[in-house]
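[1] turn this into a model:
(chains A and B)
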Amino acid sequence: MKKVFVIDAADNVGTAVVAAIQKGEQIGTNGRITDVEVTANADIPYGHKIALADIPAGSTVMKYGLSIGTASADIKAGDHVHVHNVESNRGRGDLIEKTQVAAE
Amino acid sequence: MEFMGYVRPDGSVGVRNHLLILSGTVYANGVVERVAQSIYGAVPITHALGRCQVVPDLRVTRRFLSGTGANPNIGAVIIIDHFKEEGCTAYDIAEDISPTGKLIATVNIRGEGGYISAIEKATRIAQDFARQISMYNREPVPVSRLLLGTECGTSDTTSGLASNPANGIAAEKIIALGGRTIMAECTEWMGCENWLTDNAATPEVAEAIVAGVQHMEARALASGEDIRGSQPTGDNIAGGLTTIEEKSMGACKKIGSSPIVEYLDIAVPPTRTAPGNYVMYGPGMGAESISSMAAAGCQVLTFCTGGGHTSNHPIMPTIKVTGNRQSYELMKDTVDVDVSGVFFDEITLDEAGQIVFDEVLRVSNGYLTKSEALKDNNSFAIHRVGPSI
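    As a prediction, this is how the structure comes out:
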């Protein structure tokens, strides 16, 4: 079975770092989590992330055992996790700009 | 746990026993190269600076050069300049290095009556120094004496998942034995300041980390570059990095989770001896970054890379580690360690960390890195901010 790599036991995403994943493939994990299986709901390009569990909108996307952002839409286990459904909580240049413009 | 190192007169410990021929200024480079070519084991360091720099830059140049000469991997050093420079002469550098008690000489090209006379004078001194330091022997010293530099460059998807975390595990092992690490490149802390400040040993260190990132960002902005607004870059996003937190965490994994003891200005040695991580202000430019860590006294450096790398500091063994199997196959004449097995269920992350730790100890004991064996000498560079004047 194709596997995605999980860097911390607290993570809810894995990274496709051996090969790209096709929609419908059954996916396992290695790294710090080795016992989760999901079915890919979309094609996952090499280097991209797949959800290992449901991540409701507004909850935290975890990688490295830390927040890498907040889900901006409901994410289901097996979904492609990327800029279309995750927002940064830090250093958003576009948001800073908007805030500054509003303040001026 | 111990390794075999060279104990210097001031008690510092080297993992190499180099004779350094150091250029004080760009105009001494030719003499430095010729002397080094003539003498067994001599390492030349040349550079483009030391003349007509604004004063803050000249101070940094002096700190880089003096720190490199003072590095415990240097058994003896000859500094060559061509004229009496302002604020960064061979004599000034020698004075900075002299508290180490090592063999030091200066040669001034004009003072020696010209180029050829200076070569002769420096070559005779170098011959004597080379023979004197050849009598120095390694002796057992505790691993607590190691100051490990950590760097990442040409990073890719594998870096944050294999080479950097493996290095972080190795760093934690060294710190558990009483050792220290330095991480520079504060542009790469941006987005995980919270994680770094959580690990800071004191509130002062935490404040300095945040201020350091802001300072580097302000400098970039002043030159018209919005580094935060454009992070992660389009390439990063195409490669799968979603947020700046994710990108920065990948880089910061290379020091592991030990406490951050002290915040250092660029190329400044730690003032503390407490085990732990030390972080240093500086740019993301690899050669300047690793040279700043060598000038701060790091004896050995781990360089985590995704794409593979040729980087090698002239006097600080530079161990290249990759988690990208293809890069290792392409670049295995300069990349030392392959930890890509973590992705293929061949090794665990903890085993990968042990492999990196073992390599650091082996190289500290004298084992040549691949780039050292090739006599590659490509990564000395001095950080500068201002213009030439």
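
[2] correct me, but residue B:192 touches residue B:248?
    Yes. Here residue B:192 reaches residue B:248: they are 4.0 Å apart, a contact under Cβ atoms under 8 Å. C-beta: built from backbone N, CA, C; applies to glycine.

[3] low-confidence ranges, the chain, go.
    You didn't say which chain, so I picked chain A. In the predicted model of chain A, residues A:91-104 satisfy pLDDT under 70.

[4] my question was about chain B
    Filtered on pLDDT under 70, chain B yields the residue ranges B:85-86.

[5] quickly find the element holding the residue of it found nearest chain A.
    Among the residues of chain B, residue B:229 lies closest to chain A, at 2.4 Å counting by Cβ to the nearest Cβ. Here residue B:229, judged by DSSP states H and E, is contained in no helix and no strand.

[6] count the residues that sit near it.
    Neighbour count of residue B:229, defined by other Cβ atoms under 10 Å in any protein chain shown: 15.

[7] again, but for the one 10 residues further on
    Here the number of neighbours of residue B:239 (other Cβ under 10 Å) works out to 18.

[8] kindly report the same for the one 4 residues further on.
    As a burial measure, the neighbour count of residue B:243 was computed by other Cβ under 10 Å and equals 28.

[9] now do the contacts for it.
    Listed by Cβ atoms under 8 Å, 6 or more residues apart in numbering or on different chains, the contact partners of residue B:243 are A:68-69, A:86-90, B:191, B:232.

[10] ranking these by neighbours, who comes first?
    residue A:68 (29 neighbours).

[11] any idea how far that one is from residue B:383?
    Look at residue A:68 and residue B:383: by Cβ to Cβ, to the nearest Å, they are 30 Å apart.

[12] what's the answer for residue B:59, then?
    11 Å.

[13] distance-wise, check the residue of chain B closest to chain A relative to residue B:220.
    Separation of residue B:229 from residue B:220 (Cβ to Cβ): 10 Å.

[14] measure the spatially most central residue of chain B to residue B:179 for me?
    Closest to where the C-alpha atoms of chain B average out (Cα atoms, centre = their mean) is residue B:290, at 2.9 Å. Counting by Cβ to Cβ, the separation of residue B:290 from residue B:179 is 18 Å.

[15] just the strands in the stretch 201-350 of chain B please.
    B:260-264, B:276-280, B:300-305, B:318-322, B:337-338 (DSSP state E, counting those that start in this stretch).

[16] got it, and the stretch 1-150 of chain B?
    B:2-7, B:13-14, B:18-23, B:42-45, B:74-81, B:103-108, B:139-142, B:147-153.

[17] distance to residue B:172 and mean neighbour count for those strands - can I get that in a markdown table?
    Shown next, in a markdown table, are the strands of the stretch 1-150 of chain B (distance: least, Cβ to Cβ, whole Å; neighbours: other Cβ atoms under 10 Å in any protein chain shown):
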| stretch | distance to residue B:172 | mean neighbour count |
| --- | --- | --- |
| strand B:2-7 | 18 | 19 |
| strand B:13-14 | 21 | 24 |
| strand B:18-23 | 29 | 27 |
| strand B:42-45 | 32 | 22 |
| strand B:74-81 | 29 | 27 |
| strand B:103-108 | 37 | 21 |
| strand B:139-142 | 17 | 13 |
| strand B:147-153 | 11 | 26 |
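
[18] turn the ones you listed into CSV, columns for distance to chain A.
    Converted to CSV, these look like this (distance: least, Cβ to the nearest Cβ, whole Å):
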stretch, distance to chain A
strand B:2-7, 30
strand B:13-14, 33
strand B:18-23, 38
strand B:42-45, 37
strand B:74-81, 38
strand B:103-108, 46
strand B:139-142, 31
strand B:147-153, 15
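
[19] relative to residue A:74, which of those strands is closest?
    For the strands of the stretch 1-150 of chain B, proximity to residue A:74 was assessed by Cβ to Cβ; strand B:147-153 is nearest, at 34.7 Å.

[20] contact partners of stretch A:51-65?
    Contact partners of stretch A:51-65, identified using Cβ under 8 Å, 6+ apart, comprise A:4, A:6-15, A:29, A:33, A:36, A:38, A:49, A:67-79, A:81, A:86, B:160, B:242, B:246, B:249-250, B:253.
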